[in-house]
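K.L.:
just a sequence and a predicted model for now, questions to come.
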Amino acid sequence: MSNENIKSEKWGSGLGFVLACVGSAVGIGNIWRFPYIVGENGGGAFLIPFLIIVASFGFLLMLLEFGIGRRYKLSIVSALENISKKFRWGGVLIALVSFAMLSYYLVILGWILSFFISNLGQSFLEFEEFTQSYYPIISFIAISLVVYIIVNRGITSGIEIFNKVGILCLIGIIIPLMLYAISLPGADQGISYFLEPDFTKINEPEIWSIALGQAFFSLSLGSGSLLTYGSYLRGKHSLIRSSSIIIGANTAVSIISGLLIFALVFSFGMSPQGGIPLIFEVLPNIFSNINFGFFIGAIFFFLLLIAGLTSAVGLFQVPNASLQDVFKISNKKSSKIIIIGIIIIGLPSALSYSSTNLEIFNTKFLDGMDYIFGTYGITLSELIFVVIVTWFVDKKKILENINASSRFNIPHHAISFIKYATPIVIILILITTIISN
């Protein structure tokens, strides 16, 4: 099969492209990670640096990824190789980071699938009991196959249709659920915890570092998925308008999620601890003590499932598209290779939260993967991408693709800002993260 035939796939519509990118950005991190970070770092005051960073760095970096995707119409590996053959390693590294992140992300998504099925069957799972069985392995394989089936169907028939339905379902569920949560007695305390500003924290450098890290995490920057999705664009389409919609929708989902989570947690006098315990221990405990708890719990975990699947599909497509470009194979062949690799590489992460309790250096394998790739890998990926593109691609060519079909133009000095400011800021983030850990 020729490369031309492989890359002939494209989005069926501009709406499909935007919804797919919203889906790639909106994940389970928006629903549990963002609210907790806001609550622990100055409440409403944290939103100020976060929104400033999203509207500046986030917006420009998103445009840069889309612009390079549109220019080369290739995967991350082939696009960077097209800039210079010596940069092929950068594309390979970014694709491998996405592959590694997906391998453990699907494990967590498998847990969510299990909890959804459990609530649907009108029973409540105990997380401790669940992780002492082999259900985490079964659910990991099951959810991996679901993602494979979606991607295997191609861009328009698989990814685009799924994201259109998925994102509309997500919006249709999260808003009514949030309205229900904030109507509960005591919900106002949770809203205060989430949004009440502590302006003394704005001057702390660590807050800005955390806000930048969350912005990268939240907008799916550094994974290569935005560039990959941008490569399927054809014809006239405003990247500036699309990026504004994607960032606005992603931020809105994050804030709505915060109102939902903390309204529920505080209305039942629970501890607003973050991470895994909040999703799989605290909230199921709440659902088991309210009227129609099975129904509300099922809806909540279905919401998480949709958010997680849309992000997983975006991550999957990065190494998938790279295999197609590099080895000139079809989507059906490449997706089969990727899913086999994902299951093999992901099994140790699944085993780390099972009766096997797989650990390395007294750390659960999944936690180690998240630390290496989720904390450092994705940030380094964005650093590599920005340096290669802004230092070695003609600024005019970048802007031609970013500003095409747009009523407003991004000025040339915006690329200079990204070129110099982004590496400095990313290096500062990495140093701050290392010191704090």
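P.N.:
Happy to help now that I have it.
K.L.:
hang on, Leu351 packs against Phe365?
P.N.:
Yes: with contact defined as CB atoms under 8 Å, Leu351 reaches Phe365; the gap is 7.0 Å. For the C-beta atoms, the positions are set from N, CA and C on the backbone; glycine is no exception.
K.L.:
what's the overlap in contacts for those two?
P.N.:
Leu358 (CB atoms under 8 Å, 6 or more residues apart in numbering).
K.L.:
return the helix or strand in the chain with minimum mean pLDDT.
P.N.:
Ranked by mean pLDDT, DSSP states H and E, the weakest helix or strand in the chain is helix 3-6, scoring a mean of 44.
K.L.:
name the next helix or strand downstream of that helix, please.
P.N.:
Sequence order places helix 14-25 as the next helix or strand after helix 3-6, per DSSP states H and E.
K.L.:
now that following helix, how far from the centre of its chain.
P.N.:
Computed by CA atoms, centre = their mean, to the nearest Å, the chain-centroid distance of helix 14-25 equals 12 Å.
K.L.:
where do the helices of the stretch 301-437 of the chain begin and end?
P.N.:
331-352, 365-369, 378-392, 395-403, 412-436 (DSSP state H, counting those that start in this stretch).
K.L.:
quick one: the fourth one to helix 378-392, angle?
P.N.:
I take that to be helix 395-403. 120 degrees (axes from the mean of the first three to the mean of the last three CA atoms, to 10 degrees).
K.L.:
buried residues in helix 395-403, which are they?
P.N.:
By 16 or more other CB atoms under 10 Å, the buried positions in helix 395-403 come out as Ile398, Leu399, Asn401, Ile402, Asn403.
K.L.:
distance to Phe301 and pLDDT added to those, as JSON lines?
P.N.:
Converted to JSON lines, the buried residues of helix 395-403 look like this (distance: CB to CB, whole Å; pLDDT from 0 to 100):
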{"residue": "Ile398", "distance to Phe301": "42", "pLDDT": "95"}
{"residue": "Leu399", "distance to Phe301": "44", "pLDDT": "96"}
{"residue": "Asn401", "distance to Phe301": "40", "pLDDT": "95"}
{"residue": "Ile402", "distance to Phe301": "39", "pLDDT": "96"}
{"residue": "Asn403", "distance to Phe301": "42", "pLDDT": "95"}
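K.L.:
switch those residues over to TSV; also include distance to Asp198.
P.N.:
Listed next are these as TSV, based on distance: CB to CB, whole Å:
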residue	distance to Asp198
Ile398	40
Leu399	40
Asn401	42
Ile402	37
Asn403	40
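K.L.:
please enumerate the strands of the chain.
P.N.:
Counting by DSSP state E, the chain has strands at residues 359-360, 363-364.
K.L.:
between those strands, which gets nearest to Phe300?
P.N.:
strand 363-364 (25.0 Å; CB to CB).
K.L.:
now the closest one, how far from the centre of its chain.
P.N.:
23 Å.
K.L.:
could you do stretch 417-433 as well?
P.N.:
21 Å.
K.L.:
just the CA atoms of that stretch, as CSV, please.
P.N.:
Extracted in CSV, the C-alpha atoms of stretch 417-433 (Å, rounded to 0.1, in the frame of the first residue of the first chain):
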residue,chain,number,x,y,z
PHE,A,417,8.2,34.0,22.2
ILE,A,418,7.6,30.2,22.0
LYS,A,419,11.2,29.6,20.8
TYR,A,420,12.9,31.2,23.7
ALA,A,421,10.4,31.3,26.6
THR,A,422,9.1,27.7,26.4
PRO,A,423,12.4,25.9,26.8
ILE,A,424,13.3,28.1,29.8
VAL,A,425,10.0,27.6,31.5
ILE,A,426,9.9,23.8,30.9
ILE,A,427,13.4,23.4,32.3
LEU,A,428,12.3,25.5,35.4
ILE,A,429,9.3,23.2,35.8
LEU,A,430,11.5,20.1,35.6
ILE,A,431,13.9,21.5,38.2
THR,A,432,11.1,22.5,40.5
THR,A,433,9.4,19.1,40.2
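K.L.:
now that stretch: buried residues?
P.N.:
Neighbour counts over stretch 417-433 (16+ other CB under 10 Å) mark Ile418, Lys419, Thr422, Pro423, Val425, Ile426, Ile429, Leu430, Thr432, Thr433 as buried.
K.L.:
if I look at the first one, how far off is Met62?
P.N.:
Ile418 is 11 Å from Met62, where distance means CB to CB, to the nearest Å.
K.L.:
got it, and the fourth one?
P.N.:
As defined by CB to CB, Pro423 lies at a distance of 17 Å from Met62.
K.L.:
contacts only, for Val147.
P.N.:
For Val147, the contact set (CB under 8 Å, 6+ apart) comprises Leu106, Leu309, Ala312, Val313, Phe316, Ile339.
K.L.:
what about the fourth one, distance to Asp188?
P.N.:
Which is Val313. To Asp188, Val313 is 37 Å away according to CB to CB.
K.L.:
the two: which has the busier surroundings?
P.N.:
Neighbours were counted for Val313 and for Asp188 using other CB atoms under 10 Å; Val313 has more, 25 against 13.
K.L.:
that one is in contact with Gly23, isn't it?
P.N.:
Yes: if you go by CB under 8 Å, Val313 and Gly23 touch, sitting 7.1 Å apart.
K.L.:
overlap in contacts, the two.
P.N.:
Asn163.
K.L.:
please name the residues that touch Ala414.
P.N.:
Leu60.
K.L.:
ugh, wrong one, Gly23
P.N.:
Asn163, Gly166, Ile167, Thr310, Ser311, Val313, Gly314.
K.L.:
hmm, 7 Å instead?
P.N.:
Gly23 is in contact with Asn163, Gly166, Ile167, Thr310, Ser311, Gly314, counting by CB atoms under 7 Å, 6 or more residues apart in numbering.
K.L.:
quick one on the thing from earlier: can you redo the buried residues of stretch 417-433 as JSON lines with pLDDT and distance to Trp89?
P.N.:
Below are those laid out as JSON lines (pLDDT from 0 to 100; distance: CB to CB, whole Å):
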{"residue": "Ile418", "pLDDT": "95", "distance to Trp89": "22"}
{"residue": "Lys419", "pLDDT": "95", "distance to Trp89": "21"}
{"residue": "Thr422", "pLDDT": "91", "distance to Trp89": "20"}
{"residue": "Pro423", "pLDDT": "93", "distance to Trp89": "18"}
{"residue": "Val425", "pLDDT": "87", "distance to Trp89": "24"}
{"residue": "Ile426", "pLDDT": "87", "distance to Trp89": "19"}
{"residue": "Ile429", "pLDDT": "79", "distance to Trp89": "23"}
{"residue": "Leu430", "pLDDT": "80", "distance to Trp89": "20"}
{"residue": "Thr432", "pLDDT": "78", "distance to Trp89": "27"}
{"residue": "Thr433", "pLDDT": "74", "distance to Trp89": "24"}
